[in-house]
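J.: Turn this into a model:
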Amino acid sequence: MQMDFIVNKQTKTVLLSAEFAAELALVWDAYTKPELLDQWWAPKPMTSRTKVMDFKVGGRRFYAMVSPEGQELGWAVQKYTSITPKTNFKFFNAFADKDENLELPGSDWDLNFSEQDGTTKVSISIFNESLERLERLIEFGFREGAMAQMKNLEELLETLSRAKEEKIA
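T.: Purely as a prediction, here's the structure:
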């Protein structure tokens with residue numbers, strides 16, 4: 001897996017891209033189905049637990065980060081603002097409390113998907129509403145978390161691709 005992570009403080013943006021040896025439909029599903037998202041979204045040993053997910057424009061995902069002991073340690077809400085199937089989706093992201101009250105400011109995520117020769121590229125632009133928020137995320141290990149997250153996704157996609165090939169054979 002190749003991954004790029006670029007922070008631009010002038011535009012308050014993080015650009016993240018990664019390529020996976022998996023077909024686009026599988027990668028799209030990994031980003032848009034809660035049962036798959038919960039398998040890779042959180043850096044290990046944490047897991048994510050989706051409480052609500054309605055993947056449609058105007059819908060949302062509300063999820064918790066869960067410790068290895070099962071304790072919910074943090075929550076976030078993603079509100080979907082645009083969806084072009086198998087190509088792009090956008091959402092507004094904010095941390096929240098356990099009752100889904102947002103902790104602003106948040107960030108706008110723009111995810112693009114493309115496939116060439118069996119390799120799917122995911123390009124993500126994350127615009128933060130404030131420079132302070134961006135700097136705090138980087139200070140708290142957003143880069144390391146994103147890299148661990150992409151590694152989790154790569155492993156899940158390998159497992160899903162292998163299972164699909166075995167089912168066909």
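
J.: Return the residues in contact with the most centrally placed residue in the chain.
T.: Central residue of the chain (CA atoms, centre = their mean): W41, 5.9 Å from the mean position. Each residue near W41 by CB atoms under 8 Å, 6 or more residues apart in numbering is listed here: S48, Y63, Q149, N152. In this view, the C-beta of every residue, glycine as well, is placed from N, C-alpha and C.

J.: all helices for the protein, in order.
T.: Secondary structure of the chain (DSSP state H): helices at 24-32, 34-40, 131-139, 142-168.

J.: sorry, back to before: farthest-apart pair in the contacts of W41, please.
T.: Within the contacts of W41, Y63 and N152 form the most distant pair, 14.7 Å apart (CB to CB).

J.: neighbour count winner among those two?
T.: The neighbour comparison of Y63 against N152 (other CB atoms under 10 Å) goes to Y63, with 24 against 18.

J.: Now do stretch 139-156: distance to the chain's middle.
T.: 9 Å (CA atoms, centre = their mean, to the nearest Å).

J.: Can you mark which positions in it are buried?
T.: Neighbour counts using 16 or more other CB atoms under 10 Å place F142, A146, M147, A148, Q149, M150, K151, N152, L153, E154, L156 of stretch 139-156 among the buried residues.
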